[in-house]
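A.B. asks: 3D model of this:
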Amino acid sequence: MPVDGAVPVDGAEPGERAGWDRLDAALVTVRACRTPAGLVECAAELAVRGCGADAVAIGRVTGGDWAPWLRAGRVALLEADGCVPSGPVPLDGNRPVEREVLGSGRTVLRDLEPGTRLAVAAITSGGVTLGLLHVTGPDLRVEIVDSFAQALGSVFALFGVRRRAEEQRYTLARLRHNLAGSGERPVELYDDGSELRPTRLGPA
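C.D. replies: Alright, predicted model coming up:
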């Protein structure tokens, strides 16, 4: 199964190649987003294009609840029959498709009505489910929807790594400033569990 937008090398039909090309083009923009806010602005619309979908909904999963969040395309298709509710719903309730996705970790494909299908994929990062991607359209490919969901999860994980790196850089800058300045032991180097107190360095 292709991961994170990898294009099958040989044996793909022209229509299949076009689908993977659309996905790759969308993922270029996804990976170019530098901030979570920038990704939020375009994620749903890129999912419509990248998955070849009629409509897309991206929802957050927190504390056992699923809360639809971003939508794009012909969203009425997803709202019909309660596919995507208007507000948060518990995932332990009557949500068999979502429970199947979360339980198996696999993307699930279902027929909504003649000529329309629904694909549901988990958006995960570091083994943690961040959200669910709901996609509807007539010619969905499970591998493409799954790859887009994986890419979203990896980009959110990258944002987390960048944030932690920025926090570490800030802490190191404070340590350098404090060590070069007052001569007192910086608070970042003080062990709360010890009985020692910071003392001034150098001759008394």
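A.B. asks: now do the phi/psi pair for Asp54.
C.D. replies: According to degrees, to the nearest 10, the main-chain angles of Asp54 amount to phi -90, psi -30.
A.B. asks: burial count for it?
C.D. replies: Residues lying near Asp54 (other C-beta atoms under 10 Å) number 20. Every residue, glycine included, has its C-beta placed from N, CA and C.
A.B. asks: what of Ala151?
C.D. replies: 22.
A.B. asks: which helix or strand contains it?
C.D. replies: According to DSSP states H and E, Ala151 maps onto helix 142-180.
A.B. asks: now that helix: how far from the chain's centre is it?
C.D. replies: In terms of C-alpha atoms, centre = their mean, to the nearest Å, the gap separating the centre of helix 142-180 from the centre of its chain is 13 Å.
A.B. asks: helices or strands next to it in the packing?
C.D. replies: On a contact count with 3 or more C-beta pairs under 8 Å, 6 or more residues apart in numbering; DSSP states H and E, helix 142-180 meets helix 14-32, helix 36-51, strand 116-125, strand 128-137.
A.B. asks: switch to 10 Å and redo it
C.D. replies: helix 14-32, helix 36-51, strand 55-62, strand 108-113, strand 116-125, strand 128-137 (3 or more C-beta pairs under 10 Å, 6 or more residues apart in numbering; DSSP states H and E).
A.B. asks: what's the closest of the ones you listed to Arg176?
C.D. replies: The closest of these to Arg176 is helix 36-51. By C-beta to C-beta, the value is 28.7 Å.
A.B. asks: Leu23 versus the residue sitting nearest the centre point of the chain, what's the distance?
C.D. replies: Nearest to the geometric centre of the chain sits Gly153, at 3.2 Å (C-alpha atoms, centre = their mean). Going from Gly153 to Leu23 by C-beta to C-beta, to the nearest Å gives 15 Å.
A.B. asks: about what we covered before: how about JSON lines for the helices and strands packed on helix 142-180, with mean pLDDT added?
C.D. replies: Formatted as JSON lines, the helices and strands packed on helix 142-180 follow (pLDDT from 0 to 100):
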{"stretch": "helix 14-32", "mean pLDDT": "88"}
{"stretch": "helix 36-51", "mean pLDDT": "92"}
{"stretch": "strand 55-62", "mean pLDDT": "92"}
{"stretch": "strand 108-113", "mean pLDDT": "87"}
{"stretch": "strand 116-125", "mean pLDDT": "92"}
{"stretch": "strand 128-137", "mean pLDDT": "92"}
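A.B. asks: could you export the ones you listed as CSV, including mean neighbour count?
C.D. replies: Listed next are the helices and strands packed on helix 142-180 as CSV, based on neighbours: other C-beta atoms under 10 Å:
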stretch, mean neighbour count
helix 14-32, 16
helix 36-51, 19
strand 55-62, 22
strand 108-113, 14
strand 116-125, 22
strand 128-137, 23
